[in-house]
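Asker: please find the sequence and the predicted model below.
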Amino acid sequence: MQSTKPIIRVIIPAYNEADSIPLVINDIPSVVTEVIVVSNNSSDDTIINAQNAGATVLEELQRGYGYACLKGMEYVSQLKDSTDIIVFLDGDFSDYPEQLTELIQPIVDDDIDFVIGARVKSLREKGSMTVPQIFGNWLATTLMSILFKSRFTDLGPFRAIKYDKLLALDMQDKTYGWTVEMQLKALRKKYSYVEKPMKYRNRIGVSKVSGTVKGAIFAGVKILTWIFKYGFKK
């Protein structure tokens, strides 16, 4: 990275996170230039609460995690100001936003392209990840290790990436495959990457993915589809 202070923007997809979103925004360090909350067709006070907390708020009516992330990226692409680093962060307060400075450190100090905030067991609050989540992470990262010789141990949504590298990935997934698509494409492009151990706590509210059988199954299918698609791609 350049020696000057990097321009950092945070994109937070949020669906009905009215109670948690102000807490997330308020704990984001001041090194961040702009916090962008993408309300994914929320029916509660997510929008007003995010605005009151000082975030730029966008609306994406099409439901899907990837749709919301892509909406945030579209907004950033239209800004006149430059952007050096994009951080993705969930709006449920399960991550510790104040650890963002630790997350971006490898990019700023060591010129790493991509950093995953890894939800390691020793730093996880009891019950913060469901059994399907834990198993899904293990299966996905094990397959990635076999097929790509990757060193990933988690598909954690708290992640940072150089903005130009993010654009080069040409992200496509509209729903639950977003995180694994990013990691697979980063491997394909031979980006430098590291994981940073991060604390993780029980989210506020019920998860829209792991909190339902349908969501957990759909997410698992999408993740495995991406892995096998890239694993056998010439």
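Answerer: Noted; the coordinates are in hand.

Asker: residue nearest the centroid of the protein?
Answerer: residue 157 (3.1 Å; CA atoms, centre = their mean).

Asker: separation between that residue and residue 95?
Answerer: 8 Å (CB to CB, to the nearest Å). In short, each C-beta sits where N, CA and C put it, glycine included.

Asker: common neighbours of these two, please.
Answerer: Common neighbours of residue 157 and residue 95 are listed as residue 89 (criterion: CB atoms under 8 Å, 6 or more residues apart in numbering).

Asker: on that earlier part again, mind checking the SS state of the residue nearest to the centre of the chain?
Answerer: Put simply, residue 157 is coil when judged by DSSP: H, G, I helix; E, B strand; the rest coil.

Asker: hmm, residue 180 and it touching each other?
Answerer: No. Using CB atoms under 8 Å, residue 157 is not in contact with residue 180; the gap is 10.9 Å.

Asker: confirm for me that residue 100 is in contact with residue 30.
Answerer: No. If you go by CB under 8 Å, residue 100 and residue 30 don't touch, sitting 10.3 Å apart.

Asker: which of the two has more neighbours?
Answerer: Taking other CB atoms under 10 Å, residue 100 and residue 30 do not tie; residue 100 has more neighbours (24 against 6).

Asker: so which strand or helix has residue 86?
Answerer: strand 85-88 (DSSP states H and E).

Asker: touching whichever helix or strand comes after that strand from outside, list them.
Answerer: Where DSSP H and E defines the elements, the next helix or strand beyond strand 85-88 is helix 100-110. Identification of contacts with helix 100-110 by CB under 8 Å, 6+ apart yields 1, 6, 8, 10, 28-29, 31-32, 85, 87, 89, 112-113, 115, 117, 158-162, 194, 196, 198.

Asker: and what of stretch 169-176?
Answerer: 62, 64-67, 69-70, 73, 178, 181-182, 185-186, 189, 209, 215, 218-219, 222-223, 226.

Asker: just the buried positions in it, please.
Answerer: 169, 171, 173, 174, 175, 176 (16 or more other CB atoms under 10 Å).

Asker: again with stretch 37-45
Answerer: So for stretch 37-45, counting by 16+ other CB under 10 Å, buried means 37, 38, 39, 40, 42, 44, 45.

Asker: among those, which ones are in strands?
Answerer: Among the buried residues of stretch 37-45, the ones falling in strands (DSSP state E) are 37, 38, 39.

Asker: mean confidence score for the helix or strand containing residue 227?
Answerer: For residue 227, the enclosing helix or strand under DSSP H and E is helix 213-231. Helix 213-231 comes out with an average pLDDT of 74.
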